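>>> sharing a model that was predicted from the sequence below.
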Amino acid sequence: MTAAVLGGLPPEETQRAVGYPSLFLLVALGALVPVLPTGAIVGSAAVVAYHQTAPFALLLVFVVAAGAALCGDVALYWLGQRGVGSRNGSRWLDTLRARAAPERLAWAQTRLREHRVPVLVVSRLLPAGRIPVMLACLLGRMPLRTFLYGDIPAVLAWTATYQLLGVAGGSLFPSPWQGIVAVVALTVLISAVPGVWRRVRGGGRSSPSGGAPSGGA
């Protein structure tokens with residue numbers, strides 16, 4: 001039934017009917033289970049929207065992606081809160097702990113005591129910065145409502161950044177697939193920077209005891 005209905009729509013209408021729900025699901029899942037490259041997903045969606053004729057395609061991508069990222073963050077934080085309040089913890093809290101290096105967590109806890117909202121915003125923009133800061137918020141027993149005050153502007157800034165990256169890719173290349181390849185490659189390169197930087201710093205030290213991460217990755 002759904003296939004028959006979609007089959008009667010123009011190609012661009014079909015693309016939007018399938019694309020926006022898929023975008024929401026992928027970004028929300030990527031925020032909840034931080035293994036999917038959500039930045040690349042948002043950037044690729046922006047490339048496709050840039051090449052469409054619909055006047056509000058880019059705006060819809062922004063709204064859908066930001067809403068999905070916020071829903072994923074809220075769900076993950078809520079699940080983490082249950083783990084903090086439980087005697088035995090939870091699988092979600094253990095996952096967050098496993099993905100947050102001790103030095104990053106220590107840095108996040110120190111910065112959160114000084115600046116709450118700015119740290120949440122910056123953590124969303126830096127590669128591998130979101131999870132340590134979220135874990136620091138959880139361990140500091142920050143209420144969900146307070147977390148939301150910082151997470152909403154963080155999600156908006158994050159979505160705008162990757163959407164602008166997608167618009168740039170769409171404007172530089174005549175075909176959508178070329179822009180998508182460029183955006184995905186750049187996003188993967190950006191996400192690999194913290195790992196390379198840690199290896200460089202680790203190789204240049206005489207002892208493993210270092211300070212807080214410079215730049216706050």
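Received, thanks. Numbers count the residues shown, from 1 in each chain.
>>> CA-only coordinates of stretch 99-115 in CSV, if you can.
As requested, the backbone C-alpha atoms of stretch 99-115 are provided in CSV (Å, rounded to 0.1, in the frame of the first residue of the first chain):
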residue,chain,number,x,y,z
ARG,A,99,33.6,5.7,25.9
ALA,A,100,34.8,8.5,28.2
ALA,A,101,38.6,8.5,28.8
PRO,A,102,39.4,9.4,32.4
GLU,A,103,41.4,12.5,31.5
ARG,A,104,38.5,13.8,29.4
LEU,A,105,36.0,13.1,32.1
ALA,A,106,38.2,14.9,34.7
TRP,A,107,38.5,17.9,32.3
ALA,A,108,34.7,17.9,31.7
GLN,A,109,34.0,17.8,35.4
THR,A,110,36.3,20.8,36.1
ARG,A,111,34.9,22.9,33.3
LEU,A,112,31.3,22.2,34.2
ARG,A,113,31.8,23.6,37.6
GLU,A,114,32.8,26.9,36.0
HIS,A,115,30.7,27.1,32.9
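>>> so, low pLDDT: which residues of this structure?
For the chain, the stretches with pLDDT under 70 are 1-18, 54, 85-90, 193-199, 201-217.
>>> helices of that one, start to end?
Using DSSP state H, the helices of the chain run over residues 2-7, 11-32, 38-50, 57-85, 91-99, 102-114, 117-125, 130-139, 144-172, 176-203.
>>> return the most buried member of the ones you listed.
Across the helices of the chain, the average number of neighbours (mean count of other C-beta atoms under 10 Å) peaks for helix 38-50, which reaches a mean of 26. Using the backbone N, CA and C atoms, a C-beta is placed for each residue, glycine as well.
>>> residues in contact with that one: which ones?
Helix 38-50 has contacts (C-beta atoms under 8 Å, 6 or more residues apart in numbering) with 15, 19, 23, 26-27, 30-31, 57-58, 60-61, 65, 69, 158-159, 162-167, 169-171, 176, 179-180, 183-184, 187-188, 190-191.
>>> same thing but 6 Å
Here helix 38-50 makes contact (C-beta atoms under 6 Å, 6 or more residues apart in numbering) with 23, 26-27, 30, 57-58, 61, 65, 162-163, 165-167, 169-170, 176, 179-180, 183-184, 187.
>>> determine how far it lies from the middle of the whole chain.
13 Å (C-alpha atoms, centre = their mean, to the nearest Å).
>>> no further questions, thank you.
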